[in-house]
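Trainee: next input, structure requested:
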Amino acid sequence: MSRAVAVVGAGPAGLMAAEVLAEAGCRVTVYEKMPSASRKLLMAGRGGLNLTHSEDFEAFVRRYGAAAERLRPMIEAFPPSALVAWAEGLDQPTFVGSSGRVFPRALKASPLLRAWLGRLAALGVELRTRWEWLGWGPDGALRFRTPDGETAVRPDATVLALGGASWPRLGSDGAWAGRFEGAVSPFRPSNVGFDVAWSAVFRDRFEGQPLKNVSLGFEGQTARGDAVVTRYGLEGGAVYALSAPLRDAIEADGGATVTIDLRPDQTVAKLTQKLLRPRKGESLANQLRKALNLSPLEVNLLRESAGKDLPAEPAALARLIKAAPLRLTGVQPIARAISTAGGLKLEAVDDNLMLTSHPGVFAAGEMLDWEAPTGGYLLQASFASGVAAAKGALAWMDRDPAGAGRKP
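Mentor: Numbers count the residues shown, from 1 in each chain. This is a model prediction of the structure:
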């Protein structure tokens, strides 16, 4: 008789675990508290659905910071090339963008998700929506709140893929954390915007405008990309890449100073040379526009950084353009973050992602305590950990078939 496995959570990690388990012959039921599957994935797909990244593997793994070595074997077993092959197996061809990021050619999640759900249905996977997991009953059964009332399920193994705590309206609210007493690190915002005390004039004039191809620096780390001016401060890819150290510094010291290089492809010497040319009665703003192609946003950002009167000496002005200091005064809340740090501690699971306190129960995806910048790293680790949790569950059931489904 085939083994019954419950997967709780229909995001990328949960659905990937379900696929691996079903292909191994298990009877798989996916339980999702929202009315439909993978709502956060669909939202991410509105920005192009960055599946993974094409960079060197060692550089890729380092993106996971403190969790890199725990995630390494999972990503080695299901690397970016495997994720690309999987997507293309769903008739979703991919391409590598100029930044090295990998996207489906459709540039959205809905075609991929439809194909994926079709594949899972063909494998016999059952998806039950509006089933909210409530924890374990006294006998170790999984408890659910359903449209028809509370009920219990006793599978042979369980994969939990409950998500983090960002995007609560899409289902990732972290409400499950209270069911793991002592095993969960507090959730913190990641890939998030930061507060800046803009002047009213700057805020009202430039809100929503992008800073294109800039480089941000903080304590020896740099990130290149785009940023966007908001009413509250600054957000965007270049900001998100430094969000972890910036968040930590603000939590510790009440603020952090980031530097913005508006012309990362030019040296101070080159900029100085261009600024030495005679102004011929032009305003400084016009000179900066003509000599360096600085936009009104960039010129006024320099004034937000250094004051209304910018340095008159060309070399000093060039240095400011290459490293304009900007004080960040706060972090946006978790509900506005793309992802979260915190979650189920990695020490609470073994090398196969089984909870040490709950034999036969495995965890995957963003509910685990790891974080990474945007750029494909979030989805890659979610998919890879889903594969790892499923393989861990299969190995556990093979080793201990008599214990499958026992009370945790």
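Trainee: mind listing the helices for this protein?
Mentor: Taking DSSP state H as the test, the helices found in the chain are 12-23, 39-45, 57-62, 68-77, 80-89, 110-122, 200-206, 237-240, 243-253, 268-275, 284-292, 296-306, 314-322, 377-399.
Trainee: right, and these - which one's nearest Thr230?
Mentor: Among the helices of the chain, helix 200-206 comes nearest to Thr230, with 8.7 Å by CB to CB. Using the backbone N, CA and C atoms, a C-beta is placed for each residue, glycine as well.
Trainee: of all the helices of the chain, which lies closest to Arg143?
Mentor: If you check each of those against Arg143 by CB to CB, helix 12-23 wins as the nearest, at 17.9 Å.
Trainee: which strands and helices sit next to the closest one?
Mentor: When contacts are defined as 3 or more CB pairs under 8 Å, 6 or more residues apart in numbering; DSSP states H and E, helix 12-23 sits against strand 4-8, strand 27-32, helix 110-122, strand 157-160, helix 377-399.
Trainee: and these: which comes nearest Glu304?
Mentor: Shortest distance between Glu304 and those, using CB to CB, is found for helix 377-399: 31.2 Å.
Trainee: rewinding a little: in CSV, list the helices of the chain along with distance to Ala161, mean pLDDT and mean neighbour count.
Mentor: Output for the helices of the chain, formatted as CSV (distance: least, CB to CB, whole Å; pLDDT from 0 to 100; neighbours: other CB atoms under 10 Å):
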stretch, distance to Ala161, mean pLDDT, mean neighbour count
helix 12-23, 3, 98, 26
helix 39-45, 12, 87, 20
helix 57-62, 22, 96, 14
helix 68-77, 14, 98, 17
helix 80-89, 16, 98, 17
helix 110-122, 14, 97, 16
helix 200-206, 40, 97, 14
helix 237-240, 23, 94, 23
helix 243-253, 23, 96, 17
helix 268-275, 49, 94, 16
helix 284-292, 49, 87, 17
helix 296-306, 41, 96, 19
helix 314-322, 44, 96, 19
helix 377-399, 6, 97, 24
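Trainee: can you check which of these gets nearest to Leu346?
Mentor: Here helix 68-77 is closest among those (CB to CB), at 5.1 Å.
Trainee: so that closest one versus helix 80-89, what angle?
Mentor: Angle between the axes of helix 68-77 and helix 80-89 is 50 degrees (criterion: axes from the mean of the first three to the mean of the last three CA atoms, to 10 degrees).
Trainee: what is helix 68-77 packed up against?
Mentor: helix 57-62, helix 377-399.
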